[in-house]
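# what's the 3D shape of this:
(one chain, ligands or ions: 1)
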Amino acid sequence: KFNFCAGPAALPEPVLLQAQQELLDWGGRGCSVMEVSHRSPEFTEVAERAEQDFRDLLSIPAHYKVLFVQGGATGQFSAIPWNLFGGGVKRADYIHTGQWAGKAIKEASRYGEVNVVASSEDRNFSYAPAADAWQESDRSAYFHYTPNETIGGVEFNYVPEVKAPLVADMSSNILSKAIPIEKFGMIYAGAQKNIGPSGIAVVIVREDLLDRAMSDIPRSLNWKIAAEAGSMDNTPPTFAWYLSGLVFQWLKAQGGVEAMYEQSLKKSGLLYEFLDRSDFFSSPVDPASRSRMNVPFVLADEQLDARFLNEAEETGLLNLKGHRSVGGMRASLYNAVPLEAVEALVAFMADFEKRVA
Ligand code: PLP
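Numbering: from 1, shown residues only. Here you go, the predicted structure:
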């Protein structure tokens, strides 16, 4: 069976098999990794290796901290203003591209002034605003955007050039291509798509931004405290950290983010080509902004949606229903989804079209 779930998403099979094997007896210790102290030398080794592998995969320079935190990407919607509005400017620029950017904007607005410099709401969030369609504010604490909108299936094909520290929610496309890290002040991602299981989120933050927190920031959201404590100011989600580490090792063995990028172009390209050829299925997203990770599509007759989903499931193609807020279908093609999954999906869709159209 192939799992196209948008998140929590499919994990690489070899990783799950290794975790299964080690579940009761981790490396001959007679217990699970979940049952040892996070401060033990064994777990410290797991944590440090995961961080190093993650750094290697994305070529993260030494003056950036990598944090493994709780509270998901949503926790960071709050953590970002808390950590950056204490440096004298309580204003930030945001690009509004859909549901996730919208939630980030709403949360930041509780703590300071949010300037929405561009929005794609005029066309139902079906595109990423062009680089020349917006201007950043003269003074802002940071500039936030969402490189990949998971629900709308919209991905930026450029990195904004701004003076303020650039902040990006990469929850649904991190580790799917190389990132010019030095263009960013801070990057964050919930793990449950391209990293590991839910329950952990990754933060990459430039060191000089660690001194801009508001004085009453909640301790658990404070990046500086997390950085000084090696992400262990309190008990971290050790199993999620361990599994994420196994995913990083798997990614390295696959050829790293460059290989994932090539693969993502092949997988999404195959599906978009089919959608563009079809008279029955179509993509609602502007071609220049189509996501490599999340591919929403609609049927010409929405009365057939339920039948399509039922037959897909019977064929072993799982979780193709679009997000409840937008309807239609969505195939998520994260790193753990093999090319064969997309080949099987396209073959099924072609056959469905022939039978019903
Ligand atoms: N941002 C994006 C782009 C997402 O896709 C998601 C979840 O799907 C979130 C934020 C929220 O993540 P979490 O559930 O980890 O808070």
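
# Residue of the stretch 251-357 of the chain closest to the ligand, please.
Among the residues of the stretch 251-357 of the chain, residue 294 lies closest to the ligand, at 8.3 Å counting by CB to the nearest ligand atom. Where C-beta positions appear, they are placed from N, C-alpha and C, glycine not excepted.

# and the residue lying closest to that residue once chain neighbours are set aside, how many neighbours?
Sequence neighbours aside, residue 153 is the residue nearest to residue 294 in space, at 4.4 Å (criterion: CB to CB, 6 or more residues apart in numbering). Applying other CB atoms under 10 Å, we find 31 residues neighbouring residue 153.

# Could you number the chain from 450 rather than 1 from now on?
Yep, numbering from 450; the last one is residue 602 now.

# Roughly how far does the residue of the stretch 700-806 of the chain closest to the ligand sit from residue 454?
According to CB to CB, to the nearest Å, residue 743 stands 11 Å off from residue 454.

# More neighbours: these two, which one.
residue 743 (29 against 18).

# my guess is that one contacts residue 621, does it?
Yes. Residue 743 is within contact range of residue 621, at 6.3 Å (criterion: CB atoms under 8 Å).

# any residues in contact with both of these two?
Residues touching both residue 743 and residue 621 (CB atoms under 8 Å, 6 or more residues apart in numbering) are 455, 597-599, 781.

# still on that earlier bit, is it correct that the residue nearest to residue 743 is in contact with residue 735?
No. Between residue 602 and residue 735 there is no contact under CB under 8 Å: 10.3 Å.

# Without its sequence neighbours, what residue ends up closest to residue 651?
Closest to residue 651 by CB to CB, 6+ apart is residue 638, at 5.3 Å.

# Hmm, residue 650 and that neighbour touching each other?
Yes. Between residue 638 and residue 650 there is a contact under CB under 8 Å: 6.4 Å.

# Name the residues contacting each of those two.
Residues touching both residue 638 and residue 650 (CB under 8 Å, 6+ apart): residue 522.

# one step back: quick one: common contacting residues for residue 743 and residue 454?
What both residue 743 and residue 454 touch, as defined by CB under 8 Å, 6+ apart, is the set residue 781.

# At the contact with the ligand, which residues of the protein appear?
Neighbours of the ligand within the chain, by CB under 6 Å from any ligand atom: 456, 521-523, 549, 595, 599, 618, 620-621, 639, 650.

# one more time with 8 Å
Within the chain, the positions near the ligand by CB under 8 Å from any ligand atom are 455-456, 520-526, 549, 552-553, 595, 597-600, 618-621, 639-642, 647, 650.

# ok, back up a step: host element of the residue nearest to residue 651?
strand 635-639 (DSSP states H and E).

# Check what contacts that strand and list those residues.
Outside strand 635-639, the residues that reach it (CB under 8 Å, 6+ apart) are 456, 521-523, 525, 529, 533, 591, 614-621, 623, 628, 630, 644, 647, 650-655, 658.

# Check which residues of the helix or strand just after it are buried.
Following strand 635-639 in sequence order, the next helix or strand is strand 650-655 (DSSP H and E). Within strand 650-655, the residues that count as buried by 16 or more other CB atoms under 10 Å are 650-655.

# Counting by contacts, list what strand 650-655 packs against.
Packing partners of strand 650-655 (3 or more CB pairs under 8 Å, 6 or more residues apart in numbering; DSSP states H and E): strand 513-518, helix 521-533, strand 635-639, helix 672-677.

# hey, which of the ones you listed is tucked in deepest?
strand 635-639 (a mean of 25; mean count of other CB atoms under 10 Å).

# Check which strands are paired with it and give the direction for each one.
Strand 635-639 has its sheet partners listed here by DSSP bridges as strand 615-618 (parallel), strand 650-655 (antiparallel).

# Rounded mean pLDDT for the first one, please.
Mean pLDDT, computed over strand 615-618, is 98.

# Now that strand: buried residues?
615-618.

# low pLDDT regions in the chain?
Of all residues in the chain, none has pLDDT under 70.

# hmm, try it at 90
Counting by pLDDT under 90, the chain shows low-confidence ranges at 772-776, 806.

# For the residue in the stretch 650-799 of the chain positioned nearest to the ligand, give me its contacts.
Relative to the ligand, the nearest point of the stretch 650-799 of the chain is residue 650 (6.0 Å; CB to the nearest ligand atom). Contact analysis of residue 650 by CB under 8 Å, 6+ apart lists 517-522, 524-525, 637-640.

# and it, what are its bridge partners?
Judged by DSSP bridges, the bridge partners of residue 650 are residue 518, residue 639.

# Show me where the stretch 600-749 of the chain has its strands.
603-604, 615-618, 635-639, 650-655, 730-731, 743-748 (DSSP state E, counting those that start in this stretch).

# would you turn these into TSV with distance to residue 754?
Compiled in TSV, the strands of the stretch 600-749 of the chain are given as follows (distance: least, CB to CB, whole Å):
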stretch	distance to residue 754
strand 603-604	22
strand 615-618	29
strand 635-639	28
strand 650-655	33
strand 730-731	12
strand 743-748	6
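
# Show me the shared contacts of residue 743 and residue 621 that map onto strands.
597-598, 781 (DSSP state E).
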